[in-house]
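>>> when you get a sec, could you give me coordinates for this:
(chains A, B, C and D)
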Number of protein chains: 2
Amino acid sequence: MKSILENISKHISLTVEEEQLFFSKIEVQHFKAKTILLNAGEICKYSYFVNSGLLRSFNINDNIVEHVLHFACEGWWIGDMYSLLSQKPGNLFIEVMEDSEIVLLSKENQEQLYFEIPKLERFFRILTENSLVAHQERLMDNLSLSAEDRFDKFCKRYPTLIQRVPQKQIASYIGVTPEFFSKMKSKMLRK
Amino acid sequence: MKSILENISKHISLTVEEEQLFFSKIEVQHFKAKTILLNAGEICKYSYFVNSGLLRSFNINDNIVEHVLHFACEGWWIGDMYSLLSQKPGNLFIEVMEDSEIVLLSKENQEQLYFEIPKLERFFRILTENSLVAHQERLMDNLSLSAEDRFDKFCKRYPTLIQRVPQKQIASYIGVTPEFFSKMKSKMLRK
DNA sequence: ACGAATACTTAATGTAGGTTAAGAAATGTT
DNA sequence: AACATTTCTTAACCTACATTAAGTATTCGT
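You can find the predicted model right below:
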């Protein structure tokens, strides 16, 4: 339970009372691998913070092909931002990939916290800014780099995930089919 | 000069004094088409708000190919978020595409404003959230849609830009070469 | 420990989109 | 008006990646 406070204290500092208030607004739950926390078509009610374990968000195209938007391991937040902000049904699934301990912060509680602890507005602003920068870079990478280069960047940026995530989901994240990914990987190893 | 206050009042309400303070922190400048406001390799010092005209941000790959990250016309903000936040040299160019009236808000002034008018923290948080949602959708579109479908979405989302932006830059935005875009367009017209 | 899923590999064939090149149309500048 | 520059088109050929299919390895659930 220390982890989420550490995460917050990287950007703002809370008093003990504020920490208490924050804790009163969140809940911690344990989930088994393969649990679906959110289905496409549902309204996303929570931001999820990963204390331990691993989650992913993805959509499904034409009812067949999955595309991974995001992985989230220890210390990361995840959610369906579109649905969370608009409170409309989203396109994303959120799935638990390993048995996980998750902090849930509901949309209502998050907004209450903004009023009660305005500093948190800053905290989430900064998180969102960082996420935006990461998405912009990934977008530009998809426009300008080959699959091989995108995989290289993925390895450098998320070295721990490579062991933990099935290869076909890394393929999906970087935007190629599992078959092509397999071929590409063995070609890269031969070098 | 009304435009930027309208933009802000969509999300928060400022008192007259706060509006005055805000105005004291910004400057308005006019630029001719083709002016480069920011070069790759430079540190981005401003957020730019477009009162009138049109800007774009893009990078250049291998010193040859441009990739458009963003267009910004009346009422939009633009900048190099990575460089602005980190204060390190970025990869983006920002170019004026039409004679424009631009509001400049420096990084320092923006941070001062966060302290003096905490509500602005909320305003920029909301802007950033919306931008993040848009980028996530564009990323997923690039992973899962054909060039034709991406162009359709572009037309629906930014109908006014189609008349104003050279076709090769729309091609760049959706992630294809100008030659392929031309071929694709004439094929779509034939239907 | 066993069978059933799930994940990975390999290979043949297909295609969306890239590259190169050259000319035509539009636009900008004096 | 005239020239230069930029933008757009067309067409032949090329390649990165997708699809289909079949077989093998690994993991999971009981």
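
>>> switch to C-alpha atoms for all contacts and neighbour counts from now on
OK.

>>> quick one: low-confidence parts of chain A?
Applying pLDDT under 70 to chain A flags the ranges A:1-2.

>>> show me which residues of it sit near DNA strand D.
Within chain A, the positions near DNA strand D by CA under 7 Å from any atom of the strand are A:Ser146, A:Ala147, A:Glu148, A:Gly175, A:Val176, A:Thr177, A:Glu179, A:Phe180, A:Phe181.

>>> show me what from chain A comes close to chain B.
Within chain A, the positions adjacent to chain B are A:61, A:67, A:69, A:81-82, A:118, A:121-122, A:124-125, A:128-129, A:131-133, A:135-136, A:138-140, A:142-144, A:175 by CA under 8 Å from any CA of the partner chain.

>>> what is the neighbour count of the residue in chain A positioned nearest to chain B?
Closest to chain B within chain A is A:Arg125: 4.6 Å, counting by CA to the nearest CA. By other CA atoms under 10 Å in any protein chain shown, the residues close to A:Arg125 number 21.

>>> what's near enough to touch it?
Contacts for A:Arg125 (CA atoms under 8 Å, 6 or more residues apart in numbering or on different chains) come out as B:Glu121, B:Arg122, B:Phe124, B:Arg125, B:Thr128.

>>> ok, now which ones touch the second one?
Taking CA under 8 Å, 6+ apart as the contact definition, B:Arg122 lies against A:Glu121, A:Arg122, A:Arg125, B:Ile12.

>>> now whichever strand or helix holds A:Phe180: buried residues?
If you go by DSSP states H and E, A:Phe180 is part of helix A:178-190. Residues of helix A:178-190 classed as buried: A:Phe181 (neighbour count, 16 or more other CA atoms under 10 Å in any protein chain shown).

>>> what does stretch A:37-49 give?
Neighbour-count burial for stretch A:37-49, counted by 16+ other CA under 10 Å, picks out A:Leu37, A:Leu38, A:Asn39, A:Ala40, A:Ile43, A:Cys44, A:Lys45, A:Tyr46, A:Ser47, A:Tyr48, A:Phe49.

>>> ok, A:Ile26 touching A:Leu105?
Yes: using CA atoms under 8 Å, A:Ile26 is in contact with A:Leu105, at 5.0 Å.

>>> neighbour count for these two, which is higher?
More crowded of A:Ile26 and A:Leu105, by other CA under 10 Å: A:Leu105, with 20 against 14.
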